[in-house]
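[1] need a structure here:
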Amino acid sequence: MCEYENWMQSVSIDSEAPEFELPAYNPIKDSEVLISSEDLRWNWVVLFYYPADFTFVCPTELKDMADAKQIFDDLGVVVLAASTDTQFSHRAWVKNEKLMEWFPYLMLADHNWDIADSYGILDYNTWIAARWTFIIDPDGICRWIEITSGPLGRNSNELIRKIEALQFMRENPGTACPAKWVIWNKTLTPSIKIAWEVADALK
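    Got it, this is the predicted structure:
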């Protein structure tokens, strides 16, 4: 049986990401805020959805994302952590888990399953969402989706590489980034002229 057969994905690549308006915990100011997708227009956004507070792999992932904050800032990326927990649970977790010390990102409280349902990432058998990551561009278009097996933590370096590639392609229409592309590597310009000659085009 497929591990994720209970998820009915409703957002797809290169389509508009569903809108939302949710309470969130701001760990820097130790306060509650209201955040909406409309507030995020004209920004690159990473929606980093994790299963639950007070779990095991999740704080290691969020610590990794926190450690990379300067890079995300330099790329102009707004990072939002999210789970189906309340903002009160988020606060308690941040205050008690040492890996969450100095966590810098807003933590969306999706306890009414607004995002989990509209993004199609809610398991209706368990009423929790898995490890999903969405990259949303400044026009509100979803450019990347990842779902990760429950016990497997994500890696911010992999995420950053994909953001850099997506930003490069947005700034350079008509280009494509080949496998393992990083900044300053050779890109491709898709054309019938390079069909069967990709190796030469990469030289």
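[2] buried ones in the lowest-mean-pLDDT helix or strand in the chain?
    Using mean pLDDT, DSSP states H and E, helix 198-201 stands out as the lowest-scoring helix or strand of the chain, at a mean of 86. Neighbour counts using 16 or more other C-beta atoms under 10 Å place residue 201 of helix 198-201 among the buried residues. (C-beta placed from N, C-alpha, C; glycine too.)
[3] from the chain's centre, how far out does the longest helix along the chain sit?
    Identified as the longest helix of the chain according to DSSP state H is helix 156-171. Its chain's C-alpha centre and that of helix 156-171 lie 12 Å apart, by C-alpha atoms, centre = their mean, to the nearest Å.
[4] packing partners for it?
    strand 44-49, helix 57-67, helix 69-74, strand 131-136, strand 141-148 (3 or more C-beta pairs under 8 Å, 6 or more residues apart in numbering; DSSP states H and E).
[5] tabulate the ones you listed (TSV), appending distance to residue 125, mean pLDDT and mean neighbour count.
    What follows is the helices and strands packed on helix 156-171, written out as TSV (distance: least, C-beta to C-beta, whole Å; pLDDT from 0 to 100; neighbours: other C-beta atoms under 10 Å):
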stretch	distance to residue 125	mean pLDDT	mean neighbour count
strand 44-49	18	98	22
helix 57-67	20	98	19
helix 69-74	34	98	14
strand 131-136	17	97	22
strand 141-148	16	96	17
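[6] and residue 81, that's in a helix?
    No. Looking at residue 81 with DSSP: H, G, I helix; E, B strand; the rest coil, it is strand, so not inside a helix.
[7] nearest residue to it other than its sequence neighbours?
    Nearest non-adjacent residue to residue 81, counting by C-beta to C-beta, 6 or more residues apart in numbering: residue 107, 4.7 Å away.
[8] now the least confident helix or strand of the chain, how far from the chain's geometric center?
    Offset of helix 198-201 from its chain centre (C-alpha atoms, centre = their mean): 32 Å.
[9] tell me the pLDDT at residue 126?
    Reading off the confidence values, residue 126 has pLDDT 85.
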